[in-house]
Structures are given as structure tokens and as C-alpha cells.
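Engineer: Sequence and predicted structure are below.
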Amino acid sequence: MAWNILHNESAHRFELKLDEESFAQLVYMQKNGSLHLVHTEVPPKWEGQGIAAELTRTALEYARQHQLSVVPSCPYVQYYLGKHPGYQSLVSNDFNLDR
């Protein structure tokens, strides 16, 4: 399924409207040339459909396109990076994925 993920820069998040009451999000902070990915949230009734993965992929592609390093504070983003080694080169040298 193709998701229409929006980059809401004023709210510092990548988001997806799911229905009239629900949306999924990946919240970030951007500072000093790094994109700090801090929290991914998908409502329970929408879990298991690849939404968190698509939010994460979108954020990582944004970082790549804007030459930002990534600080994956969010446990889901860390999990995703473990499954998608092609993005691990984006991880900030100051962050250890193996911790």
C-alpha cells in the first residue's frame, strides 16, 4: 500500500493521517547537522501494516537528501536500521547502534 506521508516541519514530525481521528507520526529534532529521530507512534488498530517502517524510511531518505546524520534515539528506528543496513551509514558517529 502506498502511504502519503507528509513532512510537517513546524511540528517537527513526519506524519500520516489514517482516518478522521487517527494519525501516525515519527517525531524528530534537528540540530547541528543531525536529525534526531526520537519517537515513532502508530495507533494500535493500525499496527502491523508497515506504517512505522514507511515513516522511518521517509525520515532516513530525508536525512540522506539533506546530508544530515541520524541519531536514532527511538527504539523502533534502531530496530529498522538493524534490518536495513543500507541506512546505517547515516547514523551519527556519536551514536552506537549496538548499545
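Structural biologist: All right, it came through fine. Residues are numbered from 1 along each chain as shown.

Engineer: Chain neighbours aside, what residue packs nearest to the spatially most central residue of the chain?
Structural biologist: The residue lying closest to the centre of the chain (CA atoms, centre = their mean) is residue 56, at 3.1 Å. Closest residue in space to residue 56, ignoring its immediate chain neighbours: residue 80 at 4.5 Å, by CB to CB, 6 or more residues apart in numbering. Heads up, the C-betas are built off the backbone N, CA and C, glycines and all.

Engineer: For residue 97, give me the pLDDT.
Structural biologist: Per-residue pLDDT puts residue 97 at 68.

Engineer: Oops, could you answer that again for residue 2 instead?
Structural biologist: Residue 2 is given a pLDDT of 70.

Engineer: Just confirm it is within a strand.
Structural biologist: No. Judged by DSSP: H, G, I helix; E, B strand; the rest coil, residue 2 forms no part of a strand; its state is coil.

Engineer: could I get the longest helix anywhere in the chain in PDB with only the CA atoms?
Structural biologist: If you go by DSSP state H, the chain has its longest helix at helix 51-65. C-alpha atoms of helix 51-65 as PDB (Å, rounded to 0.1, in the frame of the first residue of the first chain):
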ATOM      1  CA  ILE A  51       3.300   2.300   8.700                       C
ATOM      2  CA  ALA A  52       6.200   2.700  11.200                       C
ATOM      3  CA  ALA A  53       8.600   1.300   8.600                       C
ATOM      4  CA  GLU A  54       7.400   3.800   6.000                       C
ATOM      5  CA  LEU A  55       7.700   6.700   8.400                       C
ATOM      6  CA  THR A  56      11.200   5.700   9.300                       C
ATOM      7  CA  ARG A  57      12.200   5.100   5.600                       C
ATOM      8  CA  THR A  58      10.800   8.600   4.700                       C
ATOM      9  CA  ALA A  59      12.800  10.200   7.600                       C
ATOM     10  CA  LEU A  60      16.000   8.400   6.600                       C
ATOM     11  CA  GLU A  61      15.600   9.400   3.000                       C
ATOM     12  CA  TYR A  62      15.000  13.000   4.100                       C
ATOM     13  CA  ALA A  63      18.300  12.800   6.100                       C
ATOM     14  CA  ARG A  64      20.100  11.400   3.100                       C
ATOM     15  CA  GLN A  65      18.800  14.000   0.700                       C
END
